[in-house]
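1. from the sequence below, what's the structure:
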Amino acid sequence: MYLFLTNCSSEVFDSTVFNKWVEKGMAPAIESSLKLYEDVLSLGFKVFLLTGRNEKQRDVTVQNLMNVGFSNWDKLILREANDHDKTATTYKSEKRDEMVNEGYRIVGNSGDQWSDLLGSAMSLRSFKLPNPMYYIP
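-> Below you'll find the model as predicted:
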């Protein structure tokens, strides 16, 4: 687990350590997030998963998501090469702007970092989840 790789403390995000952890494909599901995900799907909403993970990690990310119970999402958005120099807030805002420009309305958004929720194209409702492992300044 990423927490153990970072000395069990809440510290600034370390992309090198995090990427090694992602490649293991063993991220556990947060039960409350999985329950919310299932409820949202059952209500008929389209679900887009927007992550700061690298596009090169798509296969391991998809497999990990499916292994812990996430399936049937409409779109999984990962960082492409031209997104790597952007802050998390800028990158995620641009991707949400693209969704809105494609005709989608963002009703709800949840995330464990403020960068998941702030910026442009904000949702009608946002839910900040705790993350004791790391924070993105």
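
2. now do the longest strand along the chain: distance to the chain's middle.
-> The longest strand of the chain (DSSP state E) is strand 48-54. Computed by C-alpha atoms, centre = their mean, to the nearest Å, the chain-centroid distance of strand 48-54 equals 5 Å.

3. which other helices and strands contact it?
-> The contact analysis (3 or more C-beta pairs under 8 Å, 6 or more residues apart in numbering; DSSP states H and E) places strand 48-54 against helix 58-67, strand 75-79, helix 88-101. The way it works is simple: take the backbone N, C-alpha and C, and place the C-beta from them, glycine included.

4. would TSV of these with mean neighbour count, distance to Ser33 and mean pLDDT be doable?
-> Listed next are the helices and strands packed on strand 48-54 as TSV, based on neighbours: other C-beta atoms under 10 Å; distance: least, C-beta to C-beta, whole Å; pLDDT from 0 to 100:
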stretch	mean neighbour count	distance to Ser33	mean pLDDT
helix 58-67	15	11	98
strand 75-79	17	15	98
helix 88-101	17	17	97
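
5. switch these over to a markdown table; also include distance to Ser123.
-> Listed next are the helices and strands packed on strand 48-54 as a markdown table, based on distance: least, C-beta to C-beta, whole Å:
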| stretch | distance to Ser123 |
| --- | --- |
| helix 58-67 | 21 |
| strand 75-79 | 15 |
| helix 88-101 | 8 |
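
6. Phe13 is nearest to which of the ones you listed?
-> Closest to Phe13 of the helices and strands packed on strand 48-54 is helix 88-101 (C-beta to C-beta; 8.8 Å).

7. ok now that closest one, how far from the chain's centre?
-> Its chain's average C-alpha position is 13 Å from that of helix 88-101, according to C-alpha atoms, centre = their mean.

8. now the angle between strand 48-54 and that helix, please.
-> Angle, helix 88-101 to strand 48-54, by axes from the mean of the first three to the mean of the last three C-alpha atoms, to 10 degrees: 140 degrees.
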